[in-house]
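Asker: generate a structure from the sequence data that follows.
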Amino acid sequence: MMASPALDSPWPTSTGDSFCGSFNIHMEEQNPADILPVLEDPTSSVSYNHTIPKPPPVPGNTHAGNKSIKRLSESCYVPKETIDTWDKLFKEGCGADVYIITEGKSYIPAHLSVLTLASPVLGNFLRQSKVQNGMRYVKIPGVPYEAVYTFIRFLYSSCYEKEEMKKYVLHLLVLSHSYSVPSLKRVCIYLLEQGWLTKENVVDVLQLARNCDAPRLSLICVRMVVKDFKAISSTEGWKVMKQVNPALEQELLEFVVEADSGKEERLKKKEEKKVYLQLYEAMEALLHICKDGCRTIGPRDKVFKGGQVACGFPACKGLETLVRHFSSCKTRVPGGCVHCKRMWQLLELHSRICNQPDSCKVPLCRHFKEKMQQQTKKDEAKWKLLVSKVIASKDALWPISGRRSSLL
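Answerer: Next up is the predicted model:
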């Protein structure tokens, strides 16, 4: 019962012979105590007279003790009996000097002093009311009796029934804001944030949250609307809001469009980074095959490692298949075969990244370096941009090193 808030370039086919001649291809089926000083008692070479007492020992660390004392002095414990007493005072209305009038002409007896201390706003209304037969009267219209009852009870003992709170939480949120009861307002906001928001009430809660100065709750509601817009936009609450508050509807629609655009942009950038990373892995695998050899393919001066040896380059297997195709393809001209075209692009990309073309063992590396001088400024700018993005993608290689390349 008790609750608290608490991107292509054409190249001559003759270079393909140079490429094929570079490989030997085997066809197959496929201690801490020394660091921290020990606190010791100070010693002195001065001898003490027997009448002079020795100094006291160095005091221990009393910081933790002081924190405990401070914490106890700042804490406050309210026994259950005390809470029950205040709850009983409200329920029995003993000595009441105020009547709270609710819907259906029902009334709730209360005490001016308690209401004034718990809610200065409500107390001010009461002091301005006329006294009739020793009693003051104040009406709270537009709110069900049960909601007002729960509100007044909370002012006495901070107690409430969970069922009643859940049923009238929106009424209580408005009452706590209107009559300046921060503790009850925190409880209502907390309960709504912790699972009492639904598709049916989120639009109503959003409007109340804005009117009741609850920015965090408002933000949670907006996020919920954006996340499940299709279902929420078909509720009765949305239809009513659309009629009485079209500005809010327009604002929420803009949030939804913005969120969708942002999501598409993030997915696009993610896919771009994935492609650049695959290209970087392909460059490493190409250098690995041409320099060291791998399994059943490599330079002529290298011994095959065998198909059983595991390779640490994710793109190696796919690139090996591409090299085999390129060496035996009858078309091979750029644009004539999509696989060969891809191989030409990888070779050119490597030559643009390679800093040692004279000693590089990758076929056609120096050839492509010389051909770069014949390209237009526009093509050169595109290649430079691609190279920069591929090189930058290597920083993201380690977190996803286990992923197999799907570029080839």
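Asker: got a list of contacts for stretch 167-187?
Answerer: With contact meaning Cβ atoms under 8 Å, 6 or more residues apart in numbering, stretch 167-187 is reached by 3-5, 118-122, 140, 143-144, 146-148, 150-151, 154-155, 158, 160, 165, 188-189, 191-192, 196, 201, 204-205, 208, 211-214. Every residue, glycine included, has its C-beta placed from N, CA and C.
Asker: can you select the buried ones from the residues you listed in ChimeraX?
Answerer: Selection of buried members from the contacts of stretch 167-187 for ChimeraX, criterion 16 or more other Cβ atoms under 10 Å:
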select :118,119,122,140,143,146,147,148,150,151,154,155,158,160,165,188,189,191,192,201,204,205,208,212,214
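Asker: from the contacts of stretch 167-187, which land in strands?
Answerer: Applying DSSP state E to the contacts of stretch 167-187, no entry is found in strands.
Asker: now, which of the contacts of stretch 167-187 lie within helices?
Answerer: Taking DSSP state H, the ones among the contacts of stretch 167-187 that sit in helices are 118, 120-122, 146-148, 150-151, 154-155, 165, 188-189, 191, 204-205, 208, 211.
Asker: which parts of the stretch 51-200 of the chain are helices?
Answerer: With helices called from DSSP state H, counting those that start in this stretch, the stretch 51-200 of the chain shows them at 63-74, 80-92, 112-118, 120-128, 145-157, 162-167, 169-178, 182-191.
Asker: including distance to residue 370, could these go into CSV?
Answerer: Shown next, in CSV, are the helices of the stretch 51-200 of the chain (distance: least, Cβ to Cβ, whole Å):
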stretch, distance to residue 370
helix 63-74, 74
helix 80-92, 89
helix 112-118, 87
helix 120-128, 85
helix 145-157, 84
helix 162-167, 78
helix 169-178, 75
helix 182-191, 70
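Asker: pLDDT of stretch 291-308, averaged?
Answerer: Taken as a whole, stretch 291-308 has a mean pLDDT of 61.
Asker: now the strands for the protein?
Answerer: 23-25, 98-101, 107-110, 131-132, 135-139, 297-299.
Asker: lowest mean pLDDT across these, which one is that?
Answerer: strand 23-25 (a mean of 54).
Asker: coming back round to it: can you say which of the strands of the chain is nearest to residue 80?
Answerer: strand 107-110 (22.5 Å; Cβ to Cβ).
Asker: what is the closest one packed up against?
Answerer: strand 98-101, helix 145-157 (3 or more Cβ pairs under 8 Å, 6 or more residues apart in numbering; DSSP states H and E).
Asker: shaky segments in the chain?
Answerer: 1-76, 262-263, 295-310, 332-335, 395-408 (pLDDT under 70).
Asker: need the longest helix for it.
Answerer: For the chain, the helix with the greatest residue count under DSSP H is helix 246-291.
Asker: could I get the contacting residues of the spatially closest residue to residue 201 that is not a sequence neighbour?
Answerer: The spatially closest residue to residue 201, leaving aside those adjacent along the chain, is residue 237, at 6.6 Å (Cβ to Cβ, 6 or more residues apart in numbering). Neighbouring residues of residue 237 by Cβ under 8 Å, 6+ apart: 200-204.
Asker: for residue 228, give me its contacts.
Answerer: Taking Cβ under 8 Å, 6+ apart, one finds residue 199 in contact with residue 228.
Asker: which residue is nearest the centroid of the protein?
Answerer: The centroid of the chain falls nearest to residue 223 when counting by Cα atoms, centre = their mean (12.6 Å).
Asker: could I have stretch 165-179 exported to CSV, CA atoms only?
Answerer: C-alpha atoms of stretch 165-179 as CSV (Å, rounded to 0.1, in the frame of the first residue of the first chain):
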residue,chain,number,x,y,z
MET,A,165,-3.1,5.1,-8.7
LYS,A,166,-2.9,3.3,-12.0
LYS,A,167,-6.5,4.0,-12.8
TYR,A,168,-6.3,7.7,-12.0
VAL,A,169,-2.6,8.5,-12.6
LEU,A,170,-3.4,11.1,-15.3
HIS,A,171,-5.8,12.9,-13.0
LEU,A,172,-3.3,12.8,-10.2
LEU,A,173,-0.6,14.1,-12.4
VAL,A,174,-2.7,17.1,-13.2
LEU,A,175,-3.7,17.6,-9.6
SER,A,176,-0.1,17.4,-8.3
HIS,A,177,1.0,20.0,-10.9
SER,A,178,-2.0,22.3,-10.4
TYR,A,179,-1.7,22.2,-6.6
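Asker: quick one on the thing from earlier: okay, angle between the longest helix of the chain and helix 202-211 too, please.
Answerer: Counting by axes from the mean of the first three to the mean of the last three Cα atoms, to 10 degrees, helix 246-291 lies at 100 degrees to helix 202-211.
Asker: on that earlier part again, tabulate the strands of the chain (TSV), appending mean neighbour count.
Answerer: Below are the strands of the chain laid out as TSV (neighbours: other Cβ atoms under 10 Å):
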stretch	mean neighbour count
strand 23-25	17
strand 98-101	20
strand 107-110	19
strand 131-132	10
strand 135-139	16
strand 297-299	21
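Asker: make a markdown table out of these and add distance to residue 256.
Answerer: A markdown table is the format used below for the strands of the chain (distance: least, Cβ to Cβ, whole Å):
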| stretch | distance to residue 256 |
| --- | --- |
| strand 23-25 | 55 |
| strand 98-101 | 43 |
| strand 107-110 | 44 |
| strand 131-132 | 55 |
| strand 135-139 | 42 |
| strand 297-299 | 52 |
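Asker: out of those, nearest to residue 247?
Answerer: Among those, if distance is taken as Cβ to Cβ, the winner is strand 135-139, at 32.2 Å.
Asker: flag every buried residue along stretch 257-269.
Answerer: For stretch 257-269, a neighbour-count test (16+ other Cβ under 10 Å) marks residue 259 as buried.
Asker: same check, this time on stretch 279-287
Answerer: 279-287.
Asker: ok, now stretch 344-358?
Answerer: Residues of stretch 344-358 classed as buried by neighbour count (16+ other Cβ under 10 Å): 344-354.
Asker: same question, stretch 377-384
Answerer: For stretch 377-384, by 16+ other Cβ under 10 Å, it's residue 383.
Asker: stretch 363-379 now?
Answerer: For stretch 363-379, a neighbour-count test (16+ other Cβ under 10 Å) marks 363-365, 367-369, 371 as buried.
Asker: which of those residues lies closest to residue 232?
Answerer: residue 368 (56.5 Å).
Asker: in contact with the closest residue to that closest one other than its chain neighbours, which residues?
Answerer: Of all residues not flanking residue 368 in the chain, residue 351 sits nearest, at 3.6 Å (Cβ to Cβ, 6+ apart). In this structure, residue 351 makes contact with 357, 362, 364-369, 372, judged by Cβ under 8 Å, 6+ apart.
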